[in-house]
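Peer 1: just need the structure, nothing else, for what follows:
(chains A, B, C and D)
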Protein chains: 2
Amino acid sequence: MSKQMTEMLKGILEGIVLAVLATRPAYGYDVTARLREQGFTDLVEGTVYALLIRIEQRGFVDVEKVPSEKGPPRKVYTLNALGREQLDEFWRTWSFLSEHIGQLRTELTEGDN
Amino acid sequence: MSKQMTEMLKGILEGIVLAVLATRPAYGYDVTARLREQGFTDLVEGTVYALLIRIEQRGFVDVEKVPSEKGPPRKVYTLNALGREQLDEFWRTWSFLSEHIGQLRTELTEGDN
DNA sequence: TACCGGTACTTGGTCTTACTATCTACTGGT
DNA sequence: ACCAGTAGATAGTAAGACCAAGTACCGGTA
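Peer 2: Okay, the predicted model is just below:
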């Protein structure tokens, strides 16, 4: 993972995971796998697990332990109402940034590119 | 500043400042003012100064002290070649994130909105 | 039985970054 | 002498992603 990407993911990864959970409930190993498919190939499992614990403690998800045929039981996370609110808030903040940064970029490329 | 925004700015603010400097050289007070006009109203000066010192130490900018009519001399920062490279890198990482997050959002809104 | 690889989750410590709060320093106006 | 505005610096805190290593469970193989 480039340092650039690592730093940029701070404060964004949480929203990404909430978005992933919004499509359907998932457990940690699954979330990591889906993100890696999505292009975040270097994402480390430890990061995802820590993040999931965090959003659980904040009450954004409901958790259910489901036995697995292979390995220890899975902790399946389901986005709840509070989590959906948080996801909305994430999209609002993201939209703001996205627009303003896009604007900056436009000014630049129109100015001297 | 919302906590959400604060966390999301980590790793992005540096790129934003580089982009601002790419439009034209500026000193800290000026950068802060321009960002506040741009919509980042709650951005604190201390953050910008610290960031400018950081990018100076990394060699992304050239610095020139210019006497001011009001107050102490200004430290005018000019983006140099290394800084422009870093800015390009920032845009690449930003584009990646922007695309993938946009994709996630589309999947969501098409699925259940 | 004993070992190994894949699945699944946990934890302790480090680094980076933005914030808060406070401080210095210089100028012009009252 | 004092104050507001300009301009910059800094110590300490909190948050988040990383790395590294570990635990636990299962099926297959020798």
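
Peer 1: going by C-alpha atoms from here, please, whenever you check contacts or count neighbours.
Peer 2: OK.

Peer 1: quick one, the helix or strand harbouring residue A:102 and helix B:81-112 angle?
Peer 2: Per DSSP states H and E: residue A:102 is located in helix A:81-112. For helix A:81-112 against helix B:81-112, the angle by axes from the mean of the first three to the mean of the last three Cα atoms, to 10 degrees is 140 degrees.

Peer 1: which other helices and strands contact helix A:81-112?
Peer 2: helix A:13-23, helix B:3-9, helix B:13-23 (3 or more Cα pairs under 8 Å, 6 or more residues apart in numbering or on different chains; DSSP states H and E).

Peer 1: so what's residue A:32 up against?
Peer 2: A:43-45, A:48 (Cα atoms under 8 Å, 6 or more residues apart in numbering or on different chains).

Peer 1: adding mean neighbour count, distance to DNA strand D and mean pLDDT, write the helices and strands packed on helix A:81-112 out as a markdown table.
Peer 2: Converted to a markdown table, these look like this (neighbours: other Cα atoms under 10 Å in any protein chain shown; distance: least, Cα to the nearest atom of the strand, whole Å; pLDDT from 0 to 100):
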| stretch | mean neighbour count | distance to DNA strand D | mean pLDDT |
| --- | --- | --- | --- |
| helix A:13-23 | 21 | 4 | 96 |
| helix B:3-9 | 17 | 5 | 93 |
| helix B:13-23 | 20 | 13 | 96 |
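
Peer 1: need those in JSON lines (columns: distance to residue B:76).
Peer 2: Below are the helices and strands packed on helix A:81-112 laid out as JSON lines (distance: least, Cα to Cα, whole Å):
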{"stretch": "helix A:13-23", "distance to residue B:76": "35"}
{"stretch": "helix B:3-9", "distance to residue B:76": "23"}
{"stretch": "helix B:13-23", "distance to residue B:76": "10"}
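
Peer 1: roughly how far apart are the residue nearest to residue A:74 when sequence neighbours are not counted and residue A:76?
Peer 2: Among residues not flanking residue A:74 along the chain, residue A:66 sits closest, at 5.1 Å (Cα to Cα, 6 or more residues apart in numbering or on different chains). Per Cα to Cα, to the nearest Å, residue A:66 is found 7 Å from residue A:76.

Peer 1: for DNA strand D, what is the nearest residue in chain A?
Peer 2: Residue of chain A nearest DNA strand D, by Cα to the nearest atom of the strand: residue A:71 (3.1 Å).

Peer 1: hang on, that residue in a strand?
Peer 2: No - assessed with DSSP: H, G, I helix; E, B strand; the rest coil, residue A:71 is coil; it does not lie in a strand.

Peer 1: could you pull up the contacting residues of it?
Peer 2: No contacts exist for residue A:71 under Cα under 8 Å, 6+ apart.

Peer 1: coming back round to it: is the helix holding residue A:102 positioned near DNA strand D?
Peer 2: No - using Cα under 7 Å from any atom of the strand, helix A:81-112 stays clear of DNA strand D, coming no nearer than 11.6 Å.
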